[in-house]
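**Q** no sequence on this one, just coordinates:
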Ligand code: PXL
């Protein structure tokens, strides 16, 4: 197996099964050396908890990047998620430029919004700056809300294929290369992802549960990156990640105490099997 070194840049939510506490185990399980750059440290994630603490690590990023440059450290993939500040995005772009190994794949999950709303930490300036990161990346994984924010396309709860195609056209026109558009659902029973690559648009649909779970975007993006770096093509990686995320929801949804994340650890063996 080809052993790859990947850098993932996202926050540490100490409790809540999202961002780095999900990305690191999933990427490691996929068999990759996983280096991390914490964008911020929070006591919990911000969706459903109140009174959480936040330490923004923006100030630390330039010195960390400078050290890596001095050591000649390079990554075969760089994958970003929830970031700590608008200013930090410039530092992340600098890391894209200076720490990429030859053929490095850059993957941006513009984790900033869902269900038509920005997460509490972010504002319009963050969205503007995120565009400069996302449209320079090889692959982006927005949900519909994030794709609307990145393009100015109007957000709608009910939509059809023509709406989704228009949204994908807008992303393409704005500079997006490969797009994995998540949470695309045309009826109550199924949801799925659209994979836009060159002229090809393919939809993968699977069972939908009425109530979503927190943290599934991060589980999905991490499982996607893990599979992609194992040599799967974008559509196959998108399918593997969707099936895995669905299993995570299935083992969690009947436990009302576990409202803040998904029990992704318990089904990691199945994810690993699908990669082999
Ligand atoms: O799952 C995305 C995410 C990551 N990190 C933090 C969050 C969220 C979503 O709300 O609050 C801190």
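**A** Nice, I can see it. Please read all numbers here as calculations on a predicted model, not as lab measurements.

**Q** and the residue of the stretch 51-200 of the chain found nearest the ligand, what is it in contact with?
**A** At 3.6 Å from the ligand, residue 82 is the closest residue in the stretch 51-200 of the chain, using CB to the nearest ligand atom. Every C-beta, even on glycine, is put in place using the N, C-alpha and C of the backbone. Residues near residue 82 by CB atoms under 8 Å, 6 or more residues apart in numbering: 10, 11, 18, 19, 39, 40, 111, 112, 119, 218.

**Q** what's the farthest-apart pair in the residues you listed?
**A** Across these, the longest distance by CB to CB is 14.3 Å; it joins 40 and 218.

**Q** Compare these two (neighbour count), which wins?
**A** When neighbours are counted by other CB atoms under 10 Å, residue 40 and residue 218 differ, and residue 218 comes out ahead with 29 against 20.

**Q** Secondary structure element holding that one?
**A** Counting by DSSP states H and E, the element that carries residue 218 is helix 216-228.

**Q** That helix and the ligand in contact?
**A** Yes. Judged by CB under 6 Å from any ligand atom, helix 216-228 and the ligand are in contact via 217, 218.

**Q** Which strands or helices does that helix pack on?
**A** Contact here means 3 or more CB pairs under 8 Å, 6 or more residues apart in numbering; DSSP states H and E; on that basis helix 216-228 packs against strand 5-15, helix 20-29, strand 75-80, strand 100-108, strand 178-184, helix 234-250, helix 268-275.

**Q** near the ligand, which residues of this protein show up?
**A** Counting by CB under 6 Å from any ligand atom, the chain sits next to the ligand at 11, 13, 18-19, 42, 45-47, 82, 111, 119, 215, 217-218.

**Q** how does it look with 8 Å?
**A** Within the chain, the positions near the ligand by CB under 8 Å from any ligand atom are 10-11, 13, 16, 18-19, 40, 42, 44-47, 52, 81-82, 111, 114, 119-121, 214-215, 217-218.

**Q** which one is residue 208 nearest to, not counting chain neighbours?
**A** residue 191 (3.9 Å; CB to CB, 6 or more residues apart in numbering).

**Q** What is the burial count for residue 59?
**A** Neighbour count for residue 59, taken as other CB under 10 Å: 12.

**Q** Doesn't it belong to a helix?
**A** Yes. According to DSSP: H, G, I helix; E, B strand; the rest coil, residue 59 belongs to a helix.

**Q** For this structure, give me the ranges with low pLDDT.
**A** Applying pLDDT under 70 to the chain picks out residues 1.

**Q** Against the centre of it, work out the most remote residue.
**A** residue 70 (28.7 Å; CA atoms, centre = their mean).

**Q** And it, how close does it get to residue 38?
**A** Distance, residue 70 to residue 38, using CB to CB, to the nearest Å: 20 Å.

**Q** And residue 89, by the same measure?
**A** From residue 89 across to residue 38, the span is 15 Å (CB to CB).

**Q** quick one, which of these two is more surrounded?
**A** residue 89 (22 against 18).
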